[in-house]
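K.L.:
coordinates only, no sequence provided:
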């Protein structure tokens, strides 16, 4: 398996080095086609170009919206987690809730780090090798951990007697569910990003 991966990597590097020449050839062909059809298809060409730009703009706008939703939900979760950490309940169920809150506090930092990795990849690089599949995989793992903590909080909330603490736990659960939804949408969008060699780089992600 390791030998196969090395062979694939060598082939990929060869293709990447050859890619600029391919692009140049494609651009030359495109330019020639535009000259040949300049007098007969300028209006049609303009319409196609405008549509492509609009589609690209819509994709970027959709991704930005998902990123903003994820960040906003993360902020709400962080706030609720801090409220849980500041509770003064001692012993029993209260301590279990605080332990989960501490774990979630650490998870929020890791989630933000993975989102930063995804957002830092330039569009030109994405179109060539795809999104940061390692960061996506880490996000999926953190997402599953979030689900487990939600289940733990749901079990503990039925045993809480302090109304204020119960309300905070319920609000935290709701915030976590919303965060998971926005993160899953972000993951789905990134996985659908069109790229030339993304399928190959995905093979190297464990």
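P.N.:
Structure received. Nothing here was measured: the structure is a model prediction, and the numbers come from that model.
K.L.:
the helices in the chain, which residues?
P.N.:
2-36, 38-85, 92-120, 123-129, 133-157, 163-191, 198-202 (DSSP state H).
K.L.:
so what's the residue count around residue 85?
P.N.:
The number of residues packed near residue 85 is 13, by other Cβ atoms under 10 Å. Quick note: C-beta positions are derived from backbone N, CA and C, even for glycine.
K.L.:
measure it to residue 172 for me?
P.N.:
As defined by Cβ to Cβ, to the nearest Å, residue 85 lies at a distance of 11 Å from residue 172.
K.L.:
who touches both of those two?
P.N.:
Contact with both residue 85 and residue 172 is made by residues residue 101, according to Cβ atoms under 8 Å, 6 or more residues apart in numbering.
K.L.:
okay, residue 88: pLDDT?
P.N.:
We have a pLDDT of 67 for residue 88.
K.L.:
residue 96 too?
P.N.:
89.
K.L.:
residue 202 contacts residue 130, correct?
P.N.:
Yes: using Cβ atoms under 8 Å, residue 202 is in contact with residue 130, at 6.9 Å.
K.L.:
who has more neighbours out of these two?
P.N.:
Each of residue 202 and residue 130 has its neighbours counted (other Cβ under 10 Å); residue 130 has more, 22 against 17.
K.L.:
for the more buried one, give me its contacts.
P.N.:
Contacts for residue 130 were tallied using Cβ under 8 Å, 6+ apart; they are 193, 195, 197-199, 201-202.
K.L.:
what about 6 Å?
P.N.:
Counting by Cβ atoms under 6 Å, 6 or more residues apart in numbering, residue 130 makes contact with 193, 195, 198, 201.
K.L.:
can you tell me the closest non-neighbouring residue to it?
P.N.:
Nearest non-adjacent residue to residue 130, counting by Cβ to Cβ, 6 or more residues apart in numbering: residue 198, 2.5 Å away.
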